[in-house]
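Visitor: The sequence and its predicted three-dimensional model are supplied below.
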Amino acid sequence: MSNDRSLSRRSLLKKSLTITGGLMASGLLDPLAWARLVEISEQRSAALKKMGFKGTVVKRGDKTFDSYVYGELWNKLHPERSPDIVCVVESDDDVITCIKFASANKIKVAVRGGGHNWCQPSVRQGGMLIDLSRLTRVVSIDKDNKKAIVEPIVSNREMQKALNALGLSYPTGHCPQVKMSGYLLSGGMAWNHGVWGPGVGSIEAIDLVTAEGKLIKASATENQDFFWACRGAGPATFCVVLRYHLKLYDLPKYIGSSAYYFPYSQLLALSDWVSQTAPKLPANVEFSIFAITAPDKYKEQCAADGSKDKIVLVTAVSFTDTREQALKDLDLVDKCPLMDHALERNFCAETNFEKLFDASGALWPENLRCKVDAIFSESNLQKLYGPVKDHFRDFESPQTVLMFAAFTGPDLPLKTPADAAFSMTGNFYGGPWTMWQEAKDDSRSIAWHEKCIQLMSPEICGHYVSETDTIDHADYNKKAYKGKNFERLAVLRKKHDPQGLFFDWHEGLS
Ligand SMILES: Cc1cc2nc3c(=O)[nH]c(=O)nc-3n(C[C@H](O)[C@H](O)[C@H](O)COP(=O)(O)OP(=O)(O)OC[C@H]3O[C@@H](n4cnc5c(N)ncnc54)[C@H](O)[C@@H]3O)c2cc1C
């Protein structure tokens, strides 16, 4: 689906109408066809209940249908697609019932975890949406053996809260609300990734329901195809994951955080310095550079130096055990030769996961319309920021973030597990998180975003599968894998889902 097409179709719909009702009102669906769809949905709902389904079935025509389909999506730039039926499951048995019913009736299946994937692959046109939002338990934590079992809908913040209380941790993602569900299926760009690795690297086993409706466990020693695929397939996962068995780590006893604001005029010099410095920092330091809109207190200064309202933020976080070690870890960053230009300098403040989540949450606020492409690069950040420096400066969009994490330590690029679908990596990870508030800014913001990616494209070596626009850019799917992993995923899907029960990368998008 191209942006142009999606926009022109979107413009057909009156904003005040709900999307399904809107389809009818706009003449895209005649009343008879609509009535037939409602009738089919009702029949399916009744049949599922008869089979013992205990959760909630929401069908076309129900008042709450749109809120079940779109309500939990993080990105408020909603697609026009919609399933025929939503099944909110409450148990393993509910999932098995859904899969058996869908298979017997040749109904396509999409799965929703937390609804945080920016391009919303959980919403497909037609078929059944299996919604996992009620599977919210931390099933067990084995403190002595450093192991946990969690259901999909446990958020990054909830995970750390439960584990940190016991002196343990897990390589969760950065924003508080994101759920384990799709995060762990994607790869998992984690806190302290330099030491703990990406999230998928610490999955020991997965409980899942196959396209045949069988509940199985996949690990390095059983059902290896699923274990390989689920650790990186992201939106192309061809099963329903119900539980993750995870290896845990000791909670670092001291987390020190440095943050510096610099004038936007220093962006290119800083990005070169960040690129040169990252390999010299220890792997337990997470090092990032952000181009953002300046906090109010710096707006005048920024305008005066020709940067409009833009500013640069550099952050470095050391995950270690003592303040002394954190001071040493972060010293090189504080000795940045450009420090004389700094507008604000905060060196090695003690922090914790709660505060880290608050800080990330503030940069990625809720309830916005978004277009996101997280990419990997092996280049120099100066070459990524160079072509887009003015493009970003001139973009009026206070929420948009153009950031890169520079992987640290001598052993770059960041390692991915040898035996998992997740394989894309680089020295840098990041890109534009284009975020805005109002529908009137859709076309301007989308056009800005696409241009931004186009300008950076010579330096992009790959995309991150669950934070890139695999819907509007089908080619980004393949670009999210190295070697033959993309092809192997297709082979395994055919082997384990021969009927094509689960929507694949491209189906149900228009
Ligand atoms: C604010 C924000 C911050 C983020 N920060 C990070 C970060 O720091 N690191 C990082 O790696 N990612 C990050 N992400 C990206 C996020 O991890 C992925 O988009 C992930 O897919 C979200 O999981 P979800 O369960 O909400 O996915 P959903 O949108 O619910 O699902 C996306 C697709 O994943 C598949 N899927 C999800 N769960 C299951 C399941 N249990 N079984 C089978 N298939 C399933 C389905 O195909 C589904 O269509 C961030 C996203 C947001 C919105």
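Guide: Structure's in. What do you need?
Visitor: my read: residue 254 touches residue 326, true?
Guide: Yes: Residue 254 lies in contact with residue 326 (Cβ atoms under 8 Å); the separation is 5.4 Å. Quick note: C-beta positions are derived from backbone N, CA and C, even for glycine.
Visitor: who has more neighbours, the two?
Guide: Taking other Cβ atoms under 10 Å, residue 254 and residue 326 do not tie; residue 326 has more neighbours (27 against 19).
Visitor: Kindly provide the distance from the more buried one to residue 407.
Guide: Distance check for residue 326 against residue 407: by Cβ to Cβ, to the nearest Å, it reads 19 Å.
Visitor: Also residue 357?
Guide: Per Cβ to Cβ, residue 357 is found 21 Å from residue 407.
Visitor: which parts of the stretch 201-350 of the chain sit against the ligand?
Guide: For the stretch 201-350 of the chain, the residues found near the ligand under the criterion Cβ under 6 Å from any ligand atom are 234-235, 237, 240-241.
Visitor: now those in a markdown table, with pLDDT and secondary structure?
Guide: Output for these, formatted as a markdown table (pLDDT from 0 to 100; DSSP: H, G, I helix; E, B strand; the rest coil):
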| residue | pLDDT | secondary structure |
| --- | --- | --- |
| 234 | 97 | helix |
| 235 | 97 | helix |
| 237 | 98 | coil |
| 240 | 98 | strand |
| 241 | 98 | strand |
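Visitor: And the residues you listed, which is closest to residue 222?
Guide: Nearest to residue 222 among these: residue 241, at 15.2 Å, using Cβ to Cβ.
Visitor: How many neighbouring residues does that closest one have?
Guide: Neighbour tally, residue 241, other Cβ under 10 Å: 26.
Visitor: Touching both of residue 254 and residue 326, which residues are there?
Guide: 318, 320 (Cβ atoms under 8 Å, 6 or more residues apart in numbering).
Visitor: what's near enough to touch the residue of the stretch 1-150 of the chain at minimum distance from the ligand?
Guide: Nearest to the ligand in the stretch 1-150 of the chain, going by Cβ to the nearest ligand atom, is residue 113, at a distance of 2.2 Å. Neighbouring residues of residue 113 by Cβ under 8 Å, 6+ apart: 122, 132, 152-153, 179-182, 185.
Visitor: leaving aside the residues next to it on the chain, what's closest to it?
Guide: residue 181 (2.6 Å; Cβ to Cβ, 6 or more residues apart in numbering).
Visitor: A strand includes the one you found, no?
Guide: No: under DSSP: H, G, I helix; E, B strand; the rest coil, residue 181 sits outside any strand and is assigned helix.
Visitor: mean confidence for the longest helix along the chain?
Guide: Counting residues, the longest helix found in the chain (DSSP state H) is helix 31-50. For helix 31-50, mean pLDDT is 87.
Visitor: picking up where we left off before, let's see the pLDDT reported for the residue nearest to residue 113.
Guide: pLDDT for residue 181: 98.
Visitor: I'd say it and residue 153 touch.
Guide: Yes: applying Cβ under 8 Å as the test, residue 181 and residue 153 come out as touching, 6.1 Å apart.
Visitor: Between these two, point out the one with more neighbours.
Guide: Neighbours were counted for residue 181 and for residue 153 using other Cβ under 10 Å; residue 181 has more, 28 against 19.
Visitor: any idea how far residue 220 is from that one?
Guide: To residue 220, residue 181 is 21 Å away according to Cβ to Cβ.
Visitor: one step back: using PDB, write out every CA atom in the longest helix of the chain.
Guide: Output in PDB follows, covering the C-alpha atoms of helix 31-50 (Å, rounded to 0.1, in the frame of the first residue of the first chain):
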ATOM      1  CA  PRO A  31     -25.700  -2.000   2.900                       C
ATOM      2  CA  LEU A  32     -26.400  -5.500   1.700                       C
ATOM      3  CA  ALA A  33     -22.800  -6.500   1.800                       C
ATOM      4  CA  TRP A  34     -22.500  -4.900   5.200                       C
ATOM      5  CA  ALA A  35     -25.500  -6.900   6.500                       C
ATOM      6  CA  ARG A  36     -24.000 -10.100   5.200                       C
ATOM      7  CA  LEU A  37     -20.700  -9.400   6.900                       C
ATOM      8  CA  VAL A  38     -22.500  -8.700  10.200                       C
ATOM      9  CA  GLU A  39     -24.400 -12.000   9.800                       C
ATOM     10  CA  ILE A  40     -21.300 -14.000   9.100                       C
ATOM     11  CA  SER A  41     -19.600 -12.400  12.200                       C
ATOM     12  CA  GLU A  42     -22.600 -13.300  14.300                       C
ATOM     13  CA  GLN A  43     -22.600 -16.900  13.100                       C
ATOM     14  CA  ARG A  44     -18.900 -17.200  13.800                       C
ATOM     15  CA  SER A  45     -19.300 -15.700  17.300                       C
ATOM     16  CA  ALA A  46     -22.100 -18.200  18.100                       C
ATOM     17  CA  ALA A  47     -20.100 -21.100  16.800                       C
ATOM     18  CA  LEU A  48     -17.000 -20.200  18.900                       C
ATOM     19  CA  LYS A  49     -19.100 -19.900  22.000                       C
ATOM     20  CA  LYS A  50     -20.600 -23.300  21.300                       C
END
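Visitor: how about the strands in the stretch 401-510 of the chain?
Guide: For the stretch 401-510 of the chain, the strands defined by DSSP state E, counting those that start in this stretch occupy 401-406, 428-436, 462-463.
Visitor: Most tightly packed of those?
Guide: Across the strands of the stretch 401-510 of the chain, averaging neighbours per residue (mean count of other Cβ atoms under 10 Å) puts strand 428-436 on top, at a mean of 25.
Visitor: Is there contact, residue-wise, from that strand to the ligand?
Guide: No: contact between strand 428-436 and the ligand is absent, the nearest approach being 8.2 Å (criterion: Cβ under 6 Å from any ligand atom).
Visitor: What angle do strand 401-406 and that strand make with each other?
Guide: 170 degrees (axes from the mean of the first three to the mean of the last three Cα atoms, to 10 degrees).
Visitor: Give the pairing partners of strand 428-436; include direction for each.
Guide: The strands beside strand 428-436 in its sheet (DSSP bridges) come out as strand 369-372 (antiparallel), strand 375-377 (antiparallel), strand 401-406 (antiparallel).
Visitor: Just confirm yes or no for the shortest one near the ligand.
Guide: If I follow you right, that is strand 375-377. No: if you take Cβ under 6 Å from any ligand atom as the test, strand 375-377 misses the ligand, and the best it gets is 12.2 Å.
Visitor: buried stuff in that strand?
Guide: By neighbour count on 16 or more other Cβ atoms under 10 Å, the buried set for strand 375-377 is 375-377.
Visitor: Average pLDDT for that strand, rounded please.
Guide: The model assigns strand 375-377 a mean pLDDT of 98.
Visitor: From the chain's centroid, how far away is it?
Guide: Between the centre of strand 375-377 and the centre of its chain there are 15 Å (Cα atoms, centre = their mean, to the nearest Å).
Visitor: could you give the mean pLDDT of stretch 243-261?
Guide: If you average the pLDDT over stretch 243-261, you get 98.
Visitor: Could I get the buried residue list for it?
Guide: So, applying 16+ other Cβ under 10 Å, buried residues of stretch 243-261: 243-246, 248-249, 251-252, 254-261.
Visitor: and if you look at stretch 72-91?
Guide: 73-89.
Visitor: give me the subset of those touching the ligand.
Guide: Counting by Cβ under 6 Å from any ligand atom, the members of these near the ligand are residue 74.
Visitor: Strands - which of the buried residues of stretch 72-91 land there?
Guide: When DSSP state E is applied, the buried residues of stretch 72-91 are split such that 85-88 fall in strands.
Visitor: any idea which of these is the one closest to residue 52?
Guide: Nearest to residue 52 among these, counting by Cβ to Cβ, is residue 87 at 12.6 Å.
Visitor: can you pull the contacts of the closest residue to that closest one other than its chain neighbours?
Guide: In space, and not counting its chain neighbours, residue 87 is closest to residue 98: 5.0 Å by Cβ to Cβ, 6+ apart. Residues near residue 98 by Cβ under 8 Å, 6+ apart: 48, 53, 87, 89, 109, 128, 130.
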